[in-house]
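Visitor: let's see this in three dimensions:
(2 chains)
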Protein chains: 2
Amino acid sequence: MEILITGGAGFLGQQLIRALLDRGALEMDGVQHPISRIVCFDQVEGVLVEPRVANVAGSIADPATVSSLVGRDTRAVIHLAAVVSGTAEADFDLGMRVNLDGTRHLLDACRAAGTRPRVLFSSSIAVFGGDLPAVVTDATTPTPQGSYGVQKLIGELLVQDFNRKGFIDGRSVRVPTVVVRPGAPNGAASGFASGIIREPLAGVEAILPVEPDTEMWLASPRAVVRMFLHALALPESAWGWHRSLNLPGLVASMRDEIAALGKLGGQAAVELIREQPDEQVRRLVRSWAARFDTSRARAMGFTADADVESIVRAYIEDNPGAVRVGATRH
Amino acid sequence: MEILITGGAGFLGQQLIRALLDRGALEMDGVQHPISRIVCFDQVEGVLVEPRVANVAGSIADPATVSSLVGRDTRAVIHLAAVVSGTAEADFDLGMRVNLDGTRHLLDACRAAGTRPRVLFSSSIAVFGGDLPAVVTDATTPTPQGSYGVQKLIGELLVQDFNRKGFIDGRSVRVPTVVVRPGAPNGAASGFASGIIREPLAGVEAILPVEPDTEMWLASPRAVVRMFLHALALPESAWGWHRSLNLPGLVASMRDEIAALGKLGGQAAVELIREQPDEQVRRLVRSWAARFDTSRARAMGFTADADVESIVRAYIEDNPGAVRVGATRH
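Guide: Coordinates of the predicted model:
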């Protein structure tokens, strides 16, 4: 079988492709389907070069390009391509083009294939915001406060309707804030939650723009990849009518993150964090949901990380080249 | 000032234009703005010919056409153009093109004008459906069950975000089922609720495809036009952050409608209604919300019709040529 991954050259996409290659098969409905080819589509070519991986660079905003990506052998599509929150807010047109039009083009291409491919859409907890209940559930009304959340929510609605119409077998998962993102900082407004682990471990100063008590809803890249594969593996009967799901995560404050950093990276790493309040970021992060009741997802078999320390440890294990400080002592 | 009305050639649009011409001004923020020109845009030319009305025919799915409609003098836009529920379900592509792309093009054109026009989007209670609470409020999560509702909800999200970004002064109102629609039956799945009044009054047989006890959330064209103008008149401070609103209506069963028909149109009219259950329509209508708590809208000054009888009476008064049976006795 063939799998298409949009945004596949990003860190989550690359980690997902590595996991798929390791397994050699994609599980769907209890059956292991051997993978013949993974199309990694992104605006740049993926760095992972392997016979089973076809790296394709292009724009998801171009319908003809997207149409050429989905063929009759494309059994599963994992749609990660997106302009992140901060960038979508700063460049409205780019966000609309990639996050909204791109998703539309992809769904149209899946429909045109005529084979009802299984489509996993990577949505976000950014669909929630503003005046929220203390605990967000799958029944909470999404009220996105930024363009990124609006575009993700529209994507979910399209996935839901394309699924209902029988054009695709669609599933949308709302991903928690992913910590620790490897690599250089990106335009995500939540970037500091990764930065205060990643940069100090590399011996570089990091800025904390919010109060240390600020809580967020977190998941590690490992957990997200595992949950993506689980979301594709589940039979349709497990999903039922509603195809959007809040993924399990864990609540942690920035103080919790710093404590885990201290434990695994040492006090020298902690001292590289500098508090520098940014009222705009503070306000935005305060509008996000931090506590979720994900009992529906848990009943479906999705599981979160054990604790913040294991999130930091996973980062250190997965990115040995990016860790310079302290961590080797553990 | 200039006003643009999309879908202006439809019955609501024409009634709205007549109301605007009668008033001669559009109220906004307590100020009466004399109307210099009303652009009536639709796929066909409006039948109302008047010096202040510019009838323009074209496709709302064409961005260049839509772009040409919004100029620097366009102070208010009323967006009614839509493919109705039954048609959007039967012709998915047409619904997407008109209801989604058309709304997008219009919002893009308003943004490009650079004058932040006041935009009223005619949304629908079809954004609700399925497993609903006994009483729907503005806080109820929209879970549209058909493509029409999905497309209307996406339109609301775009209006909300274009408003938040300062591109427009946007307001979306979720219109109840409009009864009695004049003219020929259209592709709306709710069409029978008008048909069982309109056809018998014209001496023509009408089909009732649902149980007589079926309740719906109704508003007359007069009430809807009045509420549209009120939605535009209100200052931004009255709307606040959330720009979507459930409009007041009244709960009535088809039995209530038939009783009002009997009272105003006579028993001969009632006898023209034939019960002919249609399981597909029944199922769809059962998935709709019939009872709403619209206290937010009422606090903002929106008001519904007094009762079903006054809805039928308004239809008779407004459409004397379409009434042949009984009604003249009253």
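
Visitor: how much space between the most centrally placed residue in chain A and chain B?
Guide: Computing the C-alpha centroid of chain A and ranking residues by Cα atoms, centre = their mean puts A:Val175 first, at 5.2 Å. With distances taken as Cβ to the nearest Cβ, to the nearest Å, A:Val175 is found 19 Å from chain B. Every residue, glycine included, has its C-beta placed from N, CA and C.

Visitor: count of neighbours near the closest residue to A:Ala238 other than its chain neighbours?
Guide: Spatial nearest neighbour of A:Ala238, chain neighbours left out: A:Met300 (5.5 Å); criterion: Cβ to Cβ, 6 or more residues apart in numbering or on different chains. A count of nearby residues for A:Met300, using other Cβ atoms under 10 Å in any protein chain shown, gives 16.

Visitor: residues in contact with A:Met300?
Guide: Contacts for A:Met300 (Cβ atoms under 8 Å, 6 or more residues apart in numbering or on different chains) come out as A:His230, A:Leu234, A:Ala238, A:Trp239, A:Leu245.

Visitor: ditto for A:Asp256
Guide: With Cβ under 8 Å, 6+ apart, A:Asp256 has these contacts: A:Val308.

Visitor: show the pLDDT at the closest residue to A:Phe292 other than its chain neighbours.
Guide: Distances taken as Cβ to Cβ, 6+ apart place A:Val136 nearest to A:Phe292, at 4.9 Å, with adjacent residues excluded. pLDDT for A:Val136: 97.

Visitor: equivalent analysis for A:Gly7, please.
Guide: 98.

Visitor: surely it is in contact with A:Asp42?
Guide: Yes. Counting by Cβ atoms under 8 Å, A:Gly7 does reach A:Asp42; the two are 5.7 Å apart.

Visitor: returning to what we had before: okay if I get the contacts of A:Met300 as JSON lines plus secondary structure and neighbour count?
Guide: What follows is the contacts of A:Met300, written out as JSON lines (DSSP: H, G, I helix; E, B strand; the rest coil; neighbours: other Cβ atoms under 10 Å in any protein chain shown):
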{"residue": "A:His230", "secondary structure": "helix", "neighbour count": "18"}
{"residue": "A:Leu234", "secondary structure": "coil", "neighbour count": "19"}
{"residue": "A:Ala238", "secondary structure": "helix", "neighbour count": "14"}
{"residue": "A:Trp239", "secondary structure": "helix", "neighbour count": "18"}
{"residue": "A:Leu245", "secondary structure": "strand", "neighbour count": "22"}
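
Visitor: what's the farthest-apart pair in the residues you listed?
Guide: A:His230 and A:Trp239 (11.7 Å; Cβ to Cβ).

Visitor: which residues touch A:Val47?
Guide: A:Ala9, A:Gln14.

Visitor: and it, helix, strand or coil?
Guide: Reduced to three states with DSSP: H, G, I helix; E, B strand; the rest coil, the structure at A:Val47 is coil.

Visitor: residue numbers of the stretch 101-250 of chain A in contact with chain B?
Guide: Residues of the stretch 101-250 of chain A lying close to chain B (Cβ under 8 Å from any Cβ of the partner chain) are A:130, A:139-145, A:147, A:150, A:153-154, A:157-158, A:160-161, A:164-165, A:241-242.

Visitor: which ChimeraX command selects the buried ones in the residues you listed?
Guide: Entered in ChimeraX, the line below selects the buried ones among these, by 16 or more other Cβ atoms under 10 Å in any protein chain shown:
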select /A:140,142,143,144,145,147,150,153,154,157,158,160,161,164,242
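
Visitor: just the ones of the residues of the stretch 101-250 of chain A next to chain B in strands?
Guide: Judged by DSSP state E, the subset of these located in strands is empty.

Visitor: and the helices in the stretch 201-330 of chain A?
Guide: A:221-233, A:236-239, A:254-265, A:267-270, A:279-286, A:295-299, A:308-318 (DSSP state H, counting those that start in this stretch).

Visitor: can you redo these as CSV with mean pLDDT?
Guide: As requested, these are arranged in CSV below (pLDDT from 0 to 100):
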stretch, mean pLDDT
helix A:221-233, 98
helix A:236-239, 98
helix A:254-265, 97
helix A:267-270, 96
helix A:279-286, 87
helix A:295-299, 98
helix A:308-318, 96
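
Visitor: and A:Val180, which of the ones you listed is closest to it?
Guide: Of all these, helix A:308-318 comes closest under Cβ to Cβ, at 3.9 Å.

Visitor: tell me what angle the closest one forms with helix A:221-233.
Guide: Angle, helix A:308-318 to helix A:221-233, by axes from the mean of the first three to the mean of the last three Cα atoms, to 10 degrees: 90 degrees.

Visitor: list the buried residues for helix A:308-318?
Guide: Buried residues in helix A:308-318 (16+ other Cβ under 10 Å): A:Val308, A:Glu309, A:Ser310, A:Ile311, A:Val312, A:Arg313, A:Ala314, A:Tyr315, A:Ile316, A:Asp318.

Visitor: and stretch A:29-42, by the same measure?
Guide: A:His33, A:Ile35, A:Ile38, A:Val39, A:Cys40, A:Phe41, A:Asp42.

Visitor: hang on, the earlier thing: of the helices of the stretch 201-330 of chain A, which is nearest B:Arg274?
Guide: The closest of these to B:Arg274 is helix A:236-239. By Cβ to Cβ, the value is 39.9 Å.

Visitor: what's the local residue count around A:Arg298?
Guide: Neighbour number of A:Arg298 under other Cβ under 10 Å is 13.

Visitor: ok, now which ones touch it?
Guide: Contacts of A:Arg298 were listed using Cβ under 8 Å, 6+ apart, and they are A:Pro248.

Visitor: go on, A:Gly195?
Guide: Per Cβ under 8 Å, 6+ apart, neighbours of A:Gly195: A:Pro185, A:Ala206, A:Ile207.
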